[in-house]
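1. Sequence and predicted model, in that order:
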Amino acid sequence: MSIDLSQFQQVFFEESFEGLEIMETSLLGLDPNDVDDEEINTIFRAAHSIKGGSGTFGFSAVADFTHVMETLLNEMRDGRRAVTAESVDILLQSVDVLRDMLAAADEEREVDVARVAAQKQVLENVLNPDGEDESTAGEDKVENNAPPESDEKPIGWHIIFRPLPQILKTGNDPMRILRELMELGEIHIEVDDSDLPDLSNFDPELCYLAWDITLMTEKNRAEVDEIFAWVEDDCELIVHEILADKSAVDQQTPVLKVVAPVEDRRVKKDRRDKEPKKASGSSSIRVDITKIDELINMVGELVITQSMLSLLGETFEMEKLEQLNDGLSQLERHTRNLQESVMQIRMLPISFTFNRFPRLVHDLSAKLGKKIDLQVHGETTEVDKTVIEKIGDPLVHLVRNSLDHGIEMPADRLASGKSEVGVISLNAFHQGGNIVLEIRDDGKGLDRAVLVKKALEKGLIDGSQELTDRQVYELIFHPGFSTAEKVSDVSGRGVGMDVVRKNINELGGSITIESELGQGTAIIIRLPLTLAILDGQTVQVADETYIVPLGSIVESIQVKEQQVSRVVGRGETFKLRDEYLPIVRLHDVFGIKNSKAKTLQEGLLVIVEGESHRCGLFVDDLLGQQQVVIKSLEENYQRVNGISGATILGDGSVALILDIPSMMRLADKCDLENRVSA
Amino acid sequence: MVLGDGGNNDGLLNVNSRELEIVVESQGDEYLSFRLGDEGYGVDILRVQEIRGWEESTRIPNAPEYVKGVLNLRGSIVPILDLRHRLGMGLNEYSKESVVIVLRSVGSGSDQIMGVIVDEVSDVITVKREQFQGVPKFGNGISTDFISGLIESDNRMTMILDVDKLLCLSGSSTASEQ
């Protein structure tokens, strides 16, 4: 009988990575001048859980490594060792190494053994600065604080093993332990049956025996302890070492580890199951229990409404019409609430992403010699899980940029009358149906002149145009555009901002820049609240229905003949207030035949905005606004230009959702082809 | 103990499925045969998800012409291909007999589900492996890429289609852009 532990393994990895994050956050919060005991305790607990878990799942290298960290933390906790900036840095590096080890175990790849060994040595050096007894750290693997062993190597162990009567109920078998001990070396076992009751009082489920064991072995204490590791709570255990001259030094083992007996049973099995299976690819999500309760509540309501309605249906008469209407509106309300709650489950606080920044800023500012105060606001703002996964890298890039290019060196800041310490603030908040993420710094800001000069050099602009500030800032999103004087390993290679924008566009969001020379820069990212549901405007072209995301619509108008002008005989443009906008006929772009509206006056123009360009989308008619559930077209088909997905309308038919930026690119191409063929 | 029993059951199941395989092998593979005009075609029945009547689908802009559109199949968006067109046979008006066979293709990534429109579904035929014949070369531009083999049943030739090749649309996206 064996329990498949691999199902718990993924949970272990998730918990461990969370633990690492806690350790990191707390370490960064640790002020060497004013040590908060609770903070060290938190770090210690996180390390301890990782060690326990990794031991259980057979990742002994991880457990060993964490053990050394834990020893150091324990000394700090007990006040035996001062917390210094240096030791905090070493611990932070160790957290990185540990994360790498765990990731390697998770992905079943080889770990960088040299790096691990080196970092472990660094830790051990901190523990034993004189480098005297380096071996203790290695030998002292098991987590009881065994007093330092005497220099003389013991030739064996004298063990008194007295299990508690209920040991059998925890799933442990003393015989197994004895057998394992026998494998270690020459053994002499005496059984103590003095507690054995007479047969009438004998309970077969209890253990009445105790053993007095003399084990002659070269093996160290840790290996002996390991055998007893799962029963330490369920027995009295006294281990003496036998020295060459047979004078046993009394070394009682204080049993420290507290493990619930039930868990013992579970974890014990793992030691036989040392080959972890490949982790399944599906990701899991941790959901607040209150959200689940809410959901269950709502399902309950729904069931009540359903049974009420079916009862009504059985004995329906016209007089009960009002009741039916009530029931239906109740049903609608519950369904909507249920939908909202289900969506809520996918929502996670943005702190999952924000949490990595204190570390990033800490490391980078040290590297660049800048002083930075990172302020994080709104980290509890909830966003869709997919957003969390995809927004991380772009944000890291933006924060790095702020740090590297935005914030000046301390001396420069003082010279320009600012505080020596630069401020980078990360903000997250809801605005309308959007999530807004802001990265703001009080650095030198974007220099318009430099940007324009650079763009001229690269031939991105020809100098004849008069550009608005916004258009100038837009330039930094061009591939290969970097204003950094020299390329550092932090940033400045000019790859990135275009990728950042691409990622954000993929999430259906937009990115804008506000900047003031000498005062700082703010980068503002707007993302839709959820990726699964969209507010859409249904439009009709001939007998086809399309959905335009409401977020991209500026307004809808009917144009008059005199507003429309022609460009090079083909292109159409119209004047909206002070701006000339191109007209895109949807039926041309999508090849729709039999469009009802032949002239511009017969249909409607929907002014849409995508990637900072605007255009008038010509359609036959507007049908209505509704929330639509986004379905993937790619699942069974492939990506379609100009279309972001599909949805199912009330009548069960499929309508396609327009992807405005992509549709505009498609329109450009169409136009070009027409011109070529003309 | 419960767990131990579970293990035993697993063992039993394995034996059963192995026996099952042997049975299947001795009887041959089953194919769903259908007609396009007066030609007979067949597909592996294990790839057939369902058969449904033809109904109007939503057109996909700028798609290859053999992609008729997408349908809502219990919440999934499923593309519908015109099989005549896909095989290069030219168009036919759809009638009451026109049927959509929903097929599953097993790609390198994930399974895809697509419907193909055929004139009418005929039968389920069982074919032994040795009855399979290779596809002759026709030359003169007749493409036999989608046909994996020929079989004879009731004195008529049935062409067995390779579902994965048939439903693989990669490359056609670039075609649609041009």
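-> It's in. Please read these numbers as outputs of a predicted model, since none were measured by experiment.
2. Just give the nearest non-adjacent residue to residue B:153, would you?
-> Distances taken as C-beta to C-beta, 6 or more residues apart in numbering or on different chains place residue B:125 nearest to residue B:153, at 4.9 Å, with adjacent residues excluded. The way it works is simple: take the backbone N, C-alpha and C, and place the C-beta from them, glycine included.
3. Just list the residues touching that neighbour, thanks.
-> By C-beta atoms under 8 Å, 6 or more residues apart in numbering or on different chains, the contact set of residue B:125 is B:30, B:31, B:33, B:42, B:151, B:153, B:158.
4. Reformat the residues you listed as JSON lines; add pLDDT.
-> As requested, the contacts of residue B:125 are arranged in JSON lines below (pLDDT from 0 to 100):
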{"residue": "B:30", "pLDDT": "88"}
{"residue": "B:31", "pLDDT": "90"}
{"residue": "B:33", "pLDDT": "91"}
{"residue": "B:42", "pLDDT": "91"}
{"residue": "B:151", "pLDDT": "86"}
{"residue": "B:153", "pLDDT": "76"}
{"residue": "B:158", "pLDDT": "88"}
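5. Among those, which are located in strands?
-> In strands, defined here by DSSP state E, the members of these are B:30, B:31, B:33, B:42, B:151, B:153, B:158.
6. Bridged to the fourth one, which residues?
-> Meaning residue B:42. When bridges are assigned using DSSP bridges, the partners listed for residue B:42 are residue B:33, residue B:160.
7. roughly how far apart are the residue nearest to residue B:153 and residue B:157?
-> Between residue B:125 and residue B:157 the distance, using C-beta to C-beta, to the nearest Å, works out to 12 Å.
8. ok so, going back, would you list the buried entries among the ones in strands among the contacts of residue B:125?
-> Applying 16 or more other C-beta atoms under 10 Å in any protein chain shown to the ones in strands among the contacts of residue B:125, the neighbour count classes B:31, B:33, B:42, B:151, B:153, B:158 as buried.
9. would you list the contacts of residue B:125 in CSV and tack on distance to residue A:198?
-> Converted to CSV, those look like this (distance: C-beta to C-beta, whole Å):
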residue, distance to residue A:198
B:30, 72
B:31, 77
B:33, 82
B:42, 81
B:151, 82
B:153, 83
B:158, 84
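10. if I pick the residue in chain B that chain A sits nearest to, what's in contact with it?
-> Using C-beta to the nearest C-beta, the closest approach of chain B to chain A is made by residue B:61 at 3.4 Å. Neighbouring residues of residue B:61 by C-beta under 8 Å, 6+ apart: A:589, A:590, A:591, A:592, A:640, A:642, A:643, A:656.
11. do residue A:91 as well
-> Taking C-beta under 8 Å, 6+ apart, one finds A:23, A:27, A:43, A:69, A:72, A:73 in contact with residue A:91.
12. sorry, back to before: what secondary structure does the residue of chain B closest to chain A sit in?
-> The assignment at residue B:61 comes out as coil when based on DSSP: H, G, I helix; E, B strand; the rest coil.
13. per-residue pLDDT, it?
-> At residue B:61 the predicted local confidence, pLDDT, stands at 89.
14. Could you pull up phi and psi at it?
-> Recorded main-chain torsions at residue B:61 are phi -60, psi 140, according to degrees, to the nearest 10.
15. how far away is it from residue A:588?
-> The value you get for residue B:61 to residue A:588, if C-beta to C-beta is used, is 11 Å.
16. same check, this time on residue B:158
-> Shown here: residue B:158 relative to residue A:588, a distance of 44 Å by C-beta to C-beta.
17. Give me the neighbour count for residue A:32.
-> 12 (other C-beta atoms under 10 Å in any protein chain shown).
18. Pretty sure it sits against residue A:88.
-> Yes - using C-beta atoms under 8 Å, residue A:32 and residue A:88 qualify as a contacting pair, with a distance of 6.8 Å.
19. Show me the shaky parts of chain B.
-> For chain B, the stretches flagged by pLDDT under 70 are B:1-27, B:107-110, B:139-143, B:170-178.
20. Try it again at 50.
-> Low-confidence segments of chain B, defined by pLDDT under 50: B:1-17, B:22-24, B:171-178.
21. Okay, strands next: where are they in it?
-> B:29-36, B:39-44, B:48-53, B:67-73, B:76-82, B:99-106, B:111-118, B:120-127, B:147-153, B:156-161.
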